[in-house]
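Engineer: model the structure of this input:
(one chain, ligands or ions: 3)
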Amino acid sequence: MTFLLKFLIMSVCAILTAFIWRDTFETESLRGARVLVTGASTGIGEQMAYYYARFGAQIIITARRENVLLQVAEKCLSMGAQKVLYISGDMAEQSDPARVVRFAVDKLGGLDYLVLNHIGSSPFAMWDGDVEHTRWLLQVNFLSYIQMTSAALPSLKQSGGSIIVVSSLLGKMSTPFAAPYTATKFALNGFFGTMYHELAMQRANVSLTICTLGLIDTESAMEKVRGYTNITAYPAAEAALQIIKAGALRQREVFYPWFTFYVTLIKDWFPFFTDLIIQNFYSYEP
Ligand SMILES: NC(=O)c1ccc[n+]([C@@H]2O[C@H](COP(=O)([O-])OP(=O)(O)OC[C@H]3O[C@@H](n4cnc5c(N)ncnc54)[C@H](OP(=O)(O)O)[C@@H]3O)[C@@H](O)[C@H]2O)c1
Ligand SMILES: *[C@@H]1O[C@H](CO)[C@@H](O)[C@H](O)[C@H]1NC(C)=O
Ligand SMILES: *[C@@H]1O[C@H](CO)[C@@H](O)[C@H](O)[C@H]1NC(C)=O
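Structural biologist: Ligands and ions are numbered 1, 2, ... in the order given. Alright, predicted model coming up:
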């Protein structure tokens with residue numbers, strides 16, 4: 001196919017997606033909604049908790065650090081949340097994912113949104129051969145997501161609820177310095193991609209939204225990429241809002257920032273450019 005034809009097809013896609021994803025979000029739809037947000041002590045998860053609070057939802061937040069969760073919960077209440085509770089849990093532990101979901105379902109009397117967002121900390125560096133770290137990260141970033149989903153599905157089916165999975169551009173393409181993380185995000189995209197079809201085929205009224213994010217300016221991400229790249233990072237609060245919107249509108253996928261959509265389109269069609277650009281974005285002194 002010629003370059004021009006590919007370009008034309010992409011332009012048509014862009015206009016179509018802009019039409020399909022035009023903004024019809026009403027914050028009112030989240031008033032009283034029963035929401036569980038993971039990884040809500042910092043970063044994008046914390047910002048999501050604040051938006052759900054402003055929109056008047058009932059929120060359960062979770063992460064490991066109880067003292068930080070307490071502060072986020074207090075702020076949520078002051079912002080207008082109908083109800084806020086926190087529960088600490090370590091998603092590397094086998095029993096914690098289901099325990100946290102049971103807590104949420106018990107305290108809220110059901111569940112409308114399961115927002116899976118937490119990640120374990122992983123070095124931003126060339127892979128050093130540490131298989132154990134990758135195994136641990138798979139548990140935290142991937143297996144715990146499906147453990148929580150499994151525990152929450154009966155409630156979500158009952159309420160016509162939603163699962164929101166926070167993934168990454170690195171769930172669709174590989175770049176240097178994050179092999180274990182990239183593996184966990186590809187696993188999420190693969191697993192929940194299948195689940196999307198199966199829910200539809202079962203006519204289960206549970207929506208599933210996968211979020212493809214580019215670089216976001218959270219403290220942990222900024223600390224990692226410093227010195228490796230000068231790629232622009234986008235604001236965590238805006239990422240949080242786009243995720244919540246997409247979930248409320250029951251969209252299959254959301255891209256933030258917007259150009260990540262084009263990156264996923266272009267990467268397979270123009271692989272030579274993609275590799276060139278990727279390797280030029282990062283600096284490395286052997
Ligand atoms: N920031 C980016 O550039 C970027 C880009 C693409 C995608 N994303 C995705 O966006 C999501 C949020 O990223 P972020 O940058 O906001 O992350 P973050 O600021 O590092 O926050 C991670 C959250 O997970 C919790 N957590 C860490 N280890 C845990 C464990 N073992 N068990 C339970 N909770 C744990 C942390 O709280 P505790 O320490 O208290 O447990 C924290 O609340 C992730 O899914 C990430 O992959 C981020
Ligand atoms: C599915 O759930 C949504 C949100 O709870 C609800 O608005 C919709 O009416 C439900 N659809 C069916 C077919 O039950
Ligand atoms: C980022 O920008 C600074 C200043 O322009 C430059 O010195 C540095 O080499 C750049 N780093 C990378 C990884 O491109």
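Engineer: point out where the stretch 1-150 of the chain drops to low pLDDT.
Structural biologist: In the predicted model, the stretch 1-150 of the chain carries pLDDT under 70 at residues 1, 20-22.
Engineer: all helices for it, in order.
Structural biologist: Remark: helices assigned in the stretch 1-150 of the chain by DSSP state H, counting those that start in this stretch are 3-20, 43-54, 66-79, 96-108, 131-138, 144-159.
Engineer: now do the last one and helix 131-138, the angle between them.
Structural biologist: By that I understand helix 144-159. 10 degrees (axes from the mean of the first three to the mean of the last three Cα atoms, to 10 degrees).
Engineer: just the CA trace of helix 144-159, in PDB.
Structural biologist: Provided in PDB are the C-alpha atoms of helix 144-159 (Å, rounded to 0.1, in the frame of the first residue of the first chain):
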ATOM      1  CA  SER A 144      -4.100  -9.600  41.200                       C
ATOM      2  CA  TYR A 145      -6.200  -7.800  38.500                       C
ATOM      3  CA  ILE A 146      -7.800 -11.100  37.400                       C
ATOM      4  CA  GLN A 147      -8.200 -12.200  41.000                       C
ATOM      5  CA  MET A 148     -10.100  -9.000  41.800                       C
ATOM      6  CA  THR A 149     -12.200  -9.300  38.600                       C
ATOM      7  CA  SER A 150     -13.100 -12.900  39.500                       C
ATOM      8  CA  ALA A 151     -14.200 -11.800  42.900                       C
ATOM      9  CA  ALA A 152     -16.200  -8.800  41.700                       C
ATOM     10  CA  LEU A 153     -17.900 -10.300  38.600                       C
ATOM     11  CA  PRO A 154     -21.000 -11.600  40.300                       C
ATOM     12  CA  SER A 155     -21.700  -8.200  41.900                       C
ATOM     13  CA  LEU A 156     -20.900  -6.400  38.600                       C
ATOM     14  CA  LYS A 157     -23.300  -8.700  36.700                       C
ATOM     15  CA  GLN A 158     -26.000  -7.900  39.200                       C
ATOM     16  CA  SER A 159     -25.600  -4.200  39.000                       C
END
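Engineer: which element follows it toward the C-terminus?
Structural biologist: strand 162-168 (DSSP states H and E).
Engineer: mean confidence for whichever helix or strand comes after that next one?
Structural biologist: Using DSSP H and E, the helix or strand that follows strand 162-168 towards the C-terminus is helix 179-201. Mean pLDDT, computed over helix 179-201, is 98.
Engineer: got it, and stretch 250-265?
Structural biologist: Mean predicted confidence for stretch 250-265 is 94.
Engineer: return the distance of that stretch from the chain's centre.
Structural biologist: 12 Å (Cα atoms, centre = their mean, to the nearest Å).
Engineer: swap in stretch 180-192?
Structural biologist: 11 Å.
Engineer: got the contact list for that stretch?
Structural biologist: Contact partners of stretch 180-192, identified using Cβ atoms under 8 Å, 6 or more residues apart in numbering, comprise 119, 122, 127, 133-134, 137-138, 140-142, 145-146, 163, 165, 167-168, 170-172, 174-175, 208, 210. No exception for glycine: its C-beta is placed from N, CA and C like everyone else's.
Engineer: all set, thanks.
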